[in-house]
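**Student:** with the input below, show me the fold.
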Amino acid sequence: MSFQAYLDNIEDKTGLTPREFITLAKERGFDAPSVKAGVIVDWLKQDFELGRGHAMALVHVIKKGPKIDARHVGSSGSHRDESDTLWLDGKNNRP
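**Tutor:** Numbering: from 1, shown residues only. Next comes the predicted model:
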């Protein structure tokens, strides 16, 4: 599954876009460099019933933003994406 597909599935399950999750995480201080991924994963599991893989996709965009490693762009592996920049504003708003 591509990174973007993980984010799209999260939106389907929760009704929230990745950008909305970033805002919620910032409100809780989870974007601070000292906050470990496990804290964010626990929050996403408790409040949104997300599994570890989906939660880790959100951890990436919360901590590092929308850019992903270019090695996944255009690859044939299971984690392939069309772009090195993830769309965070909702799949129905994608250009």
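
**Student:** and the gap between the residue most central in space within the chain and Ile10?
**Tutor:** The centre of the chain sits closest to Leu58, judged by Cα atoms, centre = their mean, with a distance of 2.7 Å. Computed as Cβ to Cβ, to the nearest Å, the Leu58 to Ile10 distance reads 7 Å. C-beta coordinates here come from the backbone N, C-alpha and C atoms, glycine included.

**Student:** so what sits against both of these two?
**Tutor:** The contact sets of Leu58 and Ile10 overlap at Pro18, Phe21, Leu50 (Cβ atoms under 8 Å, 6 or more residues apart in numbering).

**Student:** what about the residues you listed, which are in strands?
**Tutor:** Counting by DSSP state E, no part of those is found in strands.

**Student:** ok, the residue sitting furthest away from the middle of the chain to Arg94 distance?
**Tutor:** Distance from the C-alpha centroid of the chain, by Cα atoms, centre = their mean, peaks at Ser76 (21.0 Å). For Ser76, the distance to Arg94 (Cβ to Cβ) stands at 23 Å.
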